[in-house]
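>>> Have a look at this fold, sequence not included:
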Ligand code: HEC
Ligand code: HEC
C-alpha cells in the first residue's frame, strides 16, 4: 500500500501570501485578473453551427465508389477517413441498417417487426462498430457490456420470454450463443501480414513434400514449422495425397487464421463482412451481390466493395500497441526480472514475444480469403500501406537483415486450455470448445477485462484459469515467490495501447 500524505488545501496559499508579503498591490492585480476571467467564462459556450439539415440523413455521408478505387483517384488519407467514418457511424435505416426480420419471420405483427429491429442476443445488436470497439479509443477492445453471443444469429428473435412465437422456448442463452468479449484491432494489419507469411511457408513445405514424394517414390514427412512455431508435421504420398492428420493448432488446410479468439478467420476483411451483417444488418455488395437488396429494406449496395476496402484499411492501419518504459531504476529492474521469469516459466512458449515479419506492406485483399470474401481483386498500389513506417512503436523492431520483429506475444496457434476455459456449448467451425488462439498480449492493459469471455478482471485471475497445455507454466507461476509473481505482473502492466 502506498502512503497517502496529508496535503494542505490550496486556498491556504493566497491567504498566506497576504500575510507574509508586503506586495499587496501585486496580489490585488492578480485577484482582478482572476475575477475578470471568471466573468468572461460565464459568457457561455458558442452554440452556432454552419447549417442544419432539414431532412433525416444516413450516417455514412461519404461512400467510396468502386471506380474511385480502381482508378486510384482518392488519396490514401481520404480512403482511410471514409473507413474511419464507417467504423464510427451509428448506422440507421437510411444506411440499410437492420436485417429485415420480416424476411426471416414473415408472419410478424407490426409491433414485433419494430421490436426485432434490435435484439441484443441474436442481432442486430449494436448501432456502430465503435459501440463495442472503443477501449481505449475507436478500433480497440470493449467492456463486458459489449459482449457478443457468437452464432446466436442463427436463432433470430431469441427473447426467452417463454411465450409462443420465437420457437426457442426450450433454449437457454448458452445453448444458442457463445459469449465473447470484444477484442482490439490495434496492430491487426501486422498480425494479418504475419499469418499470411506463415501460411505461405506452410504451403511451400507441403508443396516440397509432394515434389519429393513423387521424385523418390516413397512417402515424405516434413515438419510444418514457420517463424519458429511448430504446427506438427505432414506426410506426402507419391500419388499426390497429403496426410495432414498430424497438423496441430490450425486447420488441415494449413491456413493460419489469426482472427477471432477461436482462430477461425483469415483476415480483417472476412471478419468485417460478417460483423457488418450480424451486428448491424448492413449487407456489403461484395458478400451479397451488386444491386441486390438482400434484406428487402429498399437499400442496395449498403456498402460498396470500395467502402469495405476503406473500412479494412482503416482497421489495418491502426497503430500498433507499445510497451511503457518505466522511469525509476527499481521499476526498470522489476520489469526486466518479470520479462526473464515470463520466459523461464514457459509463458513465452505460447505468448511468443515476437514473430519476425519479412514485409510490412499491407495491401488488400488477402489471397487466402474464403469464398464470399474477395481474394483476387485489383487494388492500385497507392493503397498499399507500409505499416512499419506508419506505426512508430517500440513493439516493432527492425533487424539488420531488414525484417521486423513484431512483439505481439502470440504464436498465432490454437491450444487446448483445459476445462476452466471450455465453457461454450456451440462448436464453432469444428474447433474443440477448450481450444483457443493464443491471445495477443500487446496492448492488453488498455483493454480490460481479460480472456475470451471477459470473466477475468485481474491478470492473476486470467493466469489461474490456464490449464490444459498451459498447466505446467501456471503451476510454475503458482510456485514463484510473491516478489517474483509481482515482477511478472509489473512486466505485463507495461503492455499498453495508450
Ligand atoms: C456488439 C459488439 C460488437 C460490434 C458492434 C462489433 N464488434 Fe467486432 N468484435 C466483437 C467481439 C466480441 C469480437 C471477438 C469475437 C470472437 O472472438 O469470436 C470482435 C472481433 C472483431 C474482429 C477480429 C479481431 C481479432 O483480432 O480477432 C474484427 C476485425 C472486428 N471485430 C471488426 C468489427 C467491425 C468492422 C465492426 C463494425 C462493422 C464490428 N467489429 C462491430 C464485438 C463487436
Ligand atoms: C499453452 C499456451 C499458453 C501458455 C503456456 C500460456 N498462455 Fe496465456 N493464454 C493462452 C491462451 C490460448 C489465452 C486465451 C484464453 C482465453 O481467452 O480463453 C491466454 C490468455 C492469457 C491472458 C489474458 C489476456 C487477455 O487480454 O485476455 C493472460 C494475461 C495470459 N494469458 C498470461 C499468461 C502467463 C503469465 C502465462 C505463464 C504463466 C501464460 N499466459 C501461459 C495461451 C497460453
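Ah, there it is. Since this is a predicted model, take the numbers as computed values, not measurements. Numbers count the residues shown, from 1 in each chain. Ligands and ions are numbered 1, 2, ... in the order given.

>>> What residue in the stretch 151-300 of the chain comes nearest to ligand 2?
Closest residue of the stretch 151-300 of the chain to ligand 2, C-beta to the nearest ligand atom: residue 261 (5.5 Å). Where you see a C-beta, it was placed from the backbone N, CA and C, and this is true even at glycine.

>>> Skipping adjacent residues, who's closest to that residue in space?
residue 452 (4.3 Å; C-beta to C-beta, 6 or more residues apart in numbering).

>>> my hunch is that that neighbour is in a strand, does that hold up?
No. The assignment for residue 452, made by DSSP: H, G, I helix; E, B strand; the rest coil, is coil rather than a strand.

>>> Confirm for me that it is in contact with residue 263.
No. The pair residue 452 / residue 263 is not scored as a contact, 10.9 Å apart, by C-beta atoms under 8 Å.

>>> what is in contact with these two at once?
Common contacts of residue 452 and residue 263 (C-beta atoms under 8 Å, 6 or more residues apart in numbering): residue 436.

>>> who touches residue 472 in this structure?
By C-beta under 8 Å, 6+ apart, residue 472 lies in contact with residue 346.

>>> What are the phi and psi values at it?
The phi and psi values for residue 472, taken as degrees, to the nearest 10, are phi -70, psi -40.

>>> pLDDT at it, what is it?
Looking at residue 472, its pLDDT reads 98.

>>> Please report the distance of it from residue 347.
As judged by C-beta to C-beta, to the nearest Å, residue 472 and residue 347 stand 11 Å apart.

>>> Kindly report the residues of the stretch 251-400 of the chain close to ligand 1.
Counting by C-beta under 6 Å from any ligand atom, the residues of the stretch 251-400 of the chain close to ligand 1 are 259-262, 268, 271-272, 275-276, 279-280, 311, 315.

>>> mind running it again at 5 Å?
Listed as neighbours of ligand 1 in the stretch 251-400 of the chain under the rule C-beta under 5 Å from any ligand atom: 259, 260, 261, 268, 271, 272, 275, 276, 279.

>>> Number of residues surrounding the fourth one?
Think residue 268. Applying other C-beta atoms under 10 Å, we find 26 other residues in the vicinity of residue 268.

>>> Just want the phi and psi numbers for it.
Dihedral angles (degrees, to the nearest 10) for residue 268: phi -60, psi -40.

>>> Give me the nearest residue to residue 435, chain neighbours excluded.
residue 414 (4.6 Å).

>>> distance of the one you found from residue 429?
11 Å.

>>> what do you get for residue 292?
Residue 292 sits at a distance of 26 Å from residue 429 (criterion: C-beta to C-beta).

>>> Show me what counts as buried in stretch 207-222.
Residues of stretch 207-222 classed as buried by neighbour count (16 or more other C-beta atoms under 10 Å): 209, 210, 213, 219, 220, 222.

>>> cool, and stretch 110-119?
112, 116, 119.

>>> what about the first one, is that helix, strand or coil?
So that's residue 112. helix.

>>> quick one: it and residue 96, what's the gap?
21 Å.

>>> contacting residues around the residue nearest the centre of the chain?
Computing the C-alpha centroid of the chain and ranking residues by C-alpha atoms, centre = their mean puts residue 184 first, at 2.9 Å. By C-beta under 8 Å, 6+ apart, residue 184 lies in contact with 133, 135, 139, 140, 141, 443, 447, 497.
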